[in-house]
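> sequence unavailable; structure follows:
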């Protein structure tokens, strides 16, 4: 979070580029309540992709589907996502889809599968604290996915998510190891954690 405006993020990305560090941009927000706002968010991402391209940054973007109108309609959300993806494809850039609360996971994965067929540079975030994620990962692996694995931050009941940090860490390690084993079959992996103990175990 380098600042409140796109220019702040662009400057930070330029600084990190000098250290050979790639970056991901996301606009904070979710659960928009009208179509106009959802379309405006999509257009802002389109404009962001143009700025990234102009400055030749090694930067991709990451979007939340409820920020693009998922609560309003799946069709509206997919149209807005395709607007972003088509611009990214034209500029040779990558797009990530963030994962949100558990009630959105099925629709998010469905959107990912539908658009990944047309745009291979589309990635998906999965959350290690959800009990269902191992099953979701196994379902996705045959599609040679790009997966960014995080621990997870939304409040979920114990029936849905692991509550103990040790259990989350264990599941994170198990899922990351499974992805690394599948790397030669085309799975792209991003290990998204600051947990140095986990990082050391995985490298």
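Cool, the structure landed. Here the structure is a predicted model, which is why all the values come from computation and not from measurement.
> report how many residues lie close to residue 85.
24 (other CB atoms under 10 Å). Bear in mind the C-beta positions are built from the backbone N, C-alpha and C, glycine included.
> which residues in the chain form strands?
Along the chain, counting by DSSP state E, strands occupy 23-25, 59-63, 95-97, 122-127, 146-150, 188-191.
> so what touches the first one?
Residues outside strand 23-25 that contact it (CB atoms under 8 Å, 6 or more residues apart in numbering): 6, 9, 12-13, 16-17, 48, 52, 57-62, 96.
> buried among those? Need that as a selection in ChimeraX.
This is how ChimeraX selects the buried members of these, with burial counted by 16 or more other CB atoms under 10 Å:
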select :9,12,13,16,17,48,52,57,59,60,61,62,96
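> hang on, the earlier thing: any chance of the strands of the chain in a markdown table, plus mean pLDDT and distance to residue 171?
Below are those laid out as a markdown table (pLDDT from 0 to 100; distance: least, CB to CB, whole Å):
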| stretch | mean pLDDT | distance to residue 171 |
| --- | --- | --- |
| strand 23-25 | 94 | 23 |
| strand 59-63 | 96 | 22 |
| strand 95-97 | 97 | 21 |
| strand 122-127 | 97 | 10 |
| strand 146-150 | 95 | 10 |
| strand 188-191 | 88 | 14 |
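> TSV for those, including distance to residue 79?
Listed next are those as TSV, based on distance: least, CB to CB, whole Å:
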stretch	distance to residue 79
strand 23-25	21
strand 59-63	13
strand 95-97	15
strand 122-127	15
strand 146-150	22
strand 188-191	26
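> for residue 32, which of those strands is the nearest?
strand 59-63 (11.8 Å; CB to CB).
> find the residue closest to residue 84 in space, skipping its chain neighbours.
residue 45 (4.8 Å; CB to CB, 6 or more residues apart in numbering).
> surely the one you found is in contact with residue 63?
Yes - between residue 45 and residue 63 there is a contact under CB atoms under 8 Å: 6.3 Å.
> any common contacting residues for those two?
Contacts common to residue 45 and residue 63, judged by CB under 8 Å, 6+ apart, are 27, 84.
> where exactly do the helices run in this structure?
6-17, 35-54, 74-91, 105-116, 133-140, 165-181, 196-202 (DSSP state H).
> and of these, who's closest to residue 67?
Nearest to residue 67 among the helices of the chain is helix 35-54; the distance by CB to CB comes to 5.2 Å.
> pLDDT of that closest one, averaged?
Averaging pLDDT along helix 35-54 yields 97.
> and the strands of the chain: which comes nearest residue 198?
Nearest to residue 198, of all these, is strand 188-191, at 7.9 Å by CB to CB.
> so which bits of that closest one are buried?
Neighbour-count burial for strand 188-191 [16+ other CB under 10 Å]: 189, 191.
> could you do stretch 88-98 as well?
Burial within stretch 88-98, assessed by neighbour count using 16+ other CB under 10 Å, is assigned to 88, 89, 93, 94, 95, 96, 97, 98.
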